[in-house]
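1. What shape does this take:
(one chain, ligands or ions: 2)
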Amino acid sequence: METQVRPKPSRSASPTGRVMSGADMIVHVLASEGVDTIFGYSGGAILPTYDAVFRYNAEHARGGVEPMPLIVPANEQGAGFMASGYARASGRVGVVMVTSGPGATNCVTPVRDSLADSVPMVVICGQVATAAVGTDAFQEAPVSAVMGAGVAKHVFLVTEPERLEATLRTAFEIARTGRPGPVVIDIPKDVQNWQGPFRGEGQLAIPGYRHRLELIDSNALGEDRCREFFEMLADCRQPLIYAGGGVIKAGASESMRALSDAFRIPVVTTLMGLGSMDTTSPLSLHMLGMHGTAYANYAVDDCDLLIALGARFDDRVAGVPAKFAANARRVLHFDIDPSEIHKVKRADWSFVGPLGPALDALVAYGRRQGFAGDFARWHAQIASMKSTYALDYDRESTLIQPQYVLEEMNKVTRGEAIISTGVGQHQMWAAQYCDFREPNLWLTSGSMGTMGFGLPAAIGAQFARRDKLVVDVDGDASIRMNLGELETVTTYDLPIKVMILNNFGDGMVMQWQRLFFKGRLSASDKSLRKKDFVKAAQADGFEYARRLDRKQDVPRVVEEFLSYDGPAFLDVVIDPEASVYPMVGPGLTYHDMITGDFIPNRYAGGEHAEPEASEMF
Ligand SMILES: Cc1ncc(C[n+]2csc(CCOP(=O)(O)OP(=O)(O)O)c2C)c(N)n1
Ligand SMILES: [Mg+2]
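-> Ligands and ions are numbered 1, 2, ... in the order given. You can find the predicted model right below:
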């Protein structure tokens, strides 16, 4: 008798039509969205879904490799920043999965951080059972209220299980479209345990959002608008592109470089825009703003046409909007978010729509017209400013200067490594002294400025980019905030390089206290603290963990540390009094920029204005 052999379900076998639990549906939607890593921490209200992830991975593992591993941090804040690092390094949506109550509230900071930096993320939170919502049940928190209050881009509380599947797909859609951002889905436990048919398709009707998006997405830069752009470009002598993080988010770096190259337009970038332009290009002036290069800020002062691309005139860039680019006869503004146009600075001409195609249209139009601007004098001026006002520091000091360490690091990484940071002086020195030849290499908490970002972001980035060298340049105070994640590095055997620029304190706070509070170091000096970072790293399994405290060892040790085959930790004892220069005080203009003892200042001689007390931090 013949036996009927039933085909084994293959990995690609569609689960469509199958009756399954809500938890299983969550996992199948994640798989269909291409999710290959989940960052999260378990707990009662998310247990059904954690179980579904386990079963999915067991069933679909190939050669022992799980298709959707769950990466477990020390704290949910770590998971949030890992997902953010993953998203920033890859351009894909980062996924977080946490339990209700404290699990969800521990994610508030990374969710807000991702919104402020336009990072696409989906955060799945377990919630107490629907019937218990609002009763102050065990581990209940009002997640939709907390996350909805300007924290997430959008929040869903799933109360009808039939809508779970479509809600998940819609969350991914909202996270990655338009101006990207974090979407939170709060899923009661009974919804995870509910059984129903998996449809395998379908989204929620969100007509308002989609309609707005379609209007924006269908905006193209037509011939007339291209003509206007080139008339303005022809009418100027000193054009300047001011590129923000939006250029990277839009995947428009290549298009922007093409525009800059084709018509020889110099580029300054914001902190978030670093890498949109190759910082080693002669047309790049590196970063502008509060701690930008002096020559970038002078170029902003001097330009007569400012072309803002995916940038938002943040107060760290335009402390006094009316005096920002005051000599620009015209300001042009390209953005995907209509609310950014005229928000801070009036634009004389603007375009709201997809950036890459708009810039491509400009390049094509300009080439067809044979446009050749007359910018030779401007280029000569910029080249001269770049050499006269170059970044510099105390090279003779016997103490290790942080800038020296970063210069040595940059010789090894050559603008190709992924670099994450905490927040403070080390962040600004890294922004100034590191090169970024590509987008998505520079991971920093820009808008929120969240200490503790660097280490977990590096972990997420290494999961996204196994091929890349990932370095966390951190501060002694910032790293303390998520120090538990050192163990996560070794648990997953990630070859991340963690370098602390240790100035025994909250250096950036001390810098402000020295400048604006007569040197009263209120609660910022940590020189009496007893932490031995090297021992801490060793305790967490780092086999390479060293302290670097002699200037003559810097080149050799930095090289050895970066080329170590595996997780490596370096505690660099730097000059605790080193300051970040240039500095434009809060609420001041570039005219008031302080450049310190080692960078010439073209406005030197004049009195430096003091910032208003109300402008501090
Ligand atoms: C979560 C959080 N708390 C407080 C601050 C305010 N703050 C900004 S920089 C800084 C000091 C950071 O010290 P460290 O990480 O050692 O960096 P350094 O400036 O010394 O390089 C503080 C407290 C912040 N940005 N984030
Ligand atoms: Mg410090």
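2. now residue 452, nearest residue through space, not along the chain?
-> residue 481 (3.1 Å; CB to CB, 6 or more residues apart in numbering). The C-beta positions use only the backbone N, C-alpha and C, and glycine is treated the same way.
3. so the one you found touches residue 454, yeah?
-> No. Checked against CB atoms under 8 Å, the pair residue 481 and residue 454 is beyond contact range at 9.3 Å.
4. ok, residue 181 to ligand 1 distance?
-> 20 Å (CB to the nearest ligand atom, to the nearest Å).
5. hmm, I was thinking of residue 394
-> Residue 394 sits 17 Å away from ligand 1 when distances are taken as CB to the nearest ligand atom.
6. shared neighbours, residue 481 and residue 454?
-> residue 422 (CB atoms under 8 Å, 6 or more residues apart in numbering).
7. Let me know the average pLDDT across the host helix or strand of residue 361.
-> Assigned by DSSP states H and E, residue 361 belongs to helix 355-368. Averaging pLDDT along helix 355-368 yields 98.
8. So which elements touch that helix?
-> Applying 3 or more CB pairs under 8 Å, 6 or more residues apart in numbering; DSSP states H and E, one finds that helix 355-368 makes contact with helix 223-234, helix 253-263, strand 330-335.
9. can you tell which of these is closest to residue 419?
-> helix 253-263 (16.7 Å; CB to CB).
10. List the contacts of residue 190.
-> Residue 190 neighbours (CB under 8 Å, 6+ apart): 129, 130, 131, 161.
11. Revised request: answer the last question for residue 348.
-> 330, 331, 332.
12. 10 Å instead?
-> With contacts defined as CB atoms under 10 Å, 6 or more residues apart in numbering, residue 348 is in contact with 232, 305, 306, 328, 329, 330, 331, 332, 333.
13. Buried members of those into ChimeraX, please.
-> In ChimeraX, this line selects whichever of the contacts of residue 348 come out buried by 16 or more other CB atoms under 10 Å:
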select :232,305,306,328,330,331,332,333
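14. would TSV of the contacts of residue 348 with pLDDT and distance to ligand 2 be doable?
-> Converted to TSV, those look like this (pLDDT from 0 to 100; distance: CB to the ion, whole Å):
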residue	pLDDT	distance to ligand 2
232	98	45
305	98	40
306	98	35
328	98	37
329	98	43
330	98	42
331	98	37
332	98	39
333	98	36
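15. what angle do the helix holding residue 361 and helix 223-234 make?
-> Relative orientation of helix 355-368 and helix 223-234, computed by axes from the mean of the first three to the mean of the last three CA atoms, to 10 degrees: 70 degrees.
16. of residue 481 and residue 454, who's got more company?
-> residue 454 (35 against 23; other CB atoms under 10 Å).
17. What separation do you get for the residue in the stretch 251-400 of the chain that ligand 2 sits nearest to and residue 555?
-> Per CB to the ion, residue 400 is where the stretch 251-400 of the chain lies closest to ligand 2, at 13.6 Å. As judged by CB to CB, to the nearest Å, residue 400 and residue 555 stand 11 Å apart.
18. Have a look at the two and say which one is more surrounded.
-> residue 400 (22 against 16).
19. ranges for the helices of the stretch 301-450 of the chain?
-> 355-368, 376-388, 402-413, 425-433 (DSSP state H, counting those that start in this stretch).
20. The residue nearest to residue 452 contacts residue 445, doesn't it?
-> No. Counting by CB atoms under 10 Å, residue 445 is not a contact partner of residue 481; they are 11.3 Å apart.
21. any common contacting residues for those two?
-> Joint contacts of residue 481 and residue 445 (CB under 10 Å, 6+ apart) are 109, 422, 423, 451, 452, 453, 454.
22. Same list, those, but as JSON lines with secondary structure and distance to residue 477 please.
-> Putting the shared contacts of residue 481 and residue 445 into JSON lines (DSSP: H, G, I helix; E, B strand; the rest coil; distance: CB to CB, whole Å) gives the following:
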{"residue": "109", "secondary structure": "helix", "distance to residue 477": "16"}
{"residue": "422", "secondary structure": "coil", "distance to residue 477": "8"}
{"residue": "423", "secondary structure": "coil", "distance to residue 477": "9"}
{"residue": "451", "secondary structure": "coil", "distance to residue 477": "7"}
{"residue": "452", "secondary structure": "coil", "distance to residue 477": "9"}
{"residue": "453", "secondary structure": "coil", "distance to residue 477": "13"}
{"residue": "454", "secondary structure": "helix", "distance to residue 477": "11"}
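23. Include distance to ligand 2 when you put the residues you listed into JSON lines, please.
-> Listed next are those as JSON lines, based on distance: CB to the ion, whole Å:
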{"residue": "109", "distance to ligand 2": "20"}
{"residue": "422", "distance to ligand 2": "8"}
{"residue": "423", "distance to ligand 2": "10"}
{"residue": "451", "distance to ligand 2": "10"}
{"residue": "452", "distance to ligand 2": "13"}
{"residue": "453", "distance to ligand 2": "15"}
{"residue": "454", "distance to ligand 2": "12"}
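24. Now name the helix or strand holding the nearest residue to residue 408 once chain neighbours are set aside.
-> Among residues not flanking residue 408 along the chain, residue 558 sits closest, at 4.5 Å (CB to CB, 6+ apart). Using DSSP H and E, residue 558 falls within helix 554-562.
25. quick one: that helix to chain centroid distance?
-> Put simply, helix 554-562 sits 27 Å off its chain's centre (CA atoms, centre = their mean, to the nearest Å).
26. One more: stretch 371-390?
-> With CA atoms, centre = their mean as the basis, the mean position of stretch 371-390 lies at 30 Å from the chain mean.
27. For stretch 22-41, buried residues please.
-> Result for stretch 22-41 [16+ other CB under 10 Å]: buried residues 22-31, 33, 35-41.
28. Please export the alpha-carbon coordinates of it; CSV is fine.
-> Taking Å, rounded to 0.1, in the frame of the first residue of the first chain, the C-alpha atoms of stretch 22-41 are listed here in CSV:
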residue,chain,number,x,y,z
GLY,A,22,-2.7,37.0,18.5
ALA,A,23,0.9,36.4,19.8
ASP,A,24,1.6,34.2,16.7
MET,A,25,0.1,36.9,14.5
ILE,A,26,2.5,39.5,15.9
VAL,A,27,5.5,37.3,15.1
HIS,A,28,4.2,36.5,11.6
VAL,A,29,3.7,40.1,10.8
LEU,A,30,7.2,40.9,12.1
ALA,A,31,8.6,38.2,9.8
SER,A,32,6.8,39.5,6.8
GLU,A,33,8.1,43.0,7.6
GLY,A,34,11.6,41.6,7.3
VAL,A,35,12.5,42.0,11.0
ASP,A,36,15.7,40.0,11.7
THR,A,37,16.4,41.2,15.3
ILE,A,38,14.1,42.1,18.2
PHE,A,39,15.5,44.0,21.3
GLY,A,40,13.5,43.4,24.5
TYR,A,41,13.0,42.2,28.0
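29. Give the rounded mean pLDDT of that stretch.
-> Computed over stretch 22-41, the average pLDDT equals 98.
30. I'd like the distance between residue 378 and residue 185.
-> With distances taken as CB to CB, residue 378 is found 50 Å from residue 185.
31. how about low-confidence regions in the protein?
-> Applying pLDDT under 70 to the chain flags the ranges 1-13, 605-617.
32. Residue of the stretch 1-150 of the chain closest to ligand 2, please.
-> Closest point on the stretch 1-150 of the chain to ligand 2, by CB to the ion, is residue 81, at 18.8 Å.
33. residues near the residue of the stretch 101-250 of the chain at minimum distance from ligand 1, how many?
-> Closest approach between the stretch 101-250 of the chain and ligand 1, counting by CB to the nearest ligand atom: residue 109, at 7.4 Å. Neighbour count of residue 109, defined by other CB under 10 Å: 20.
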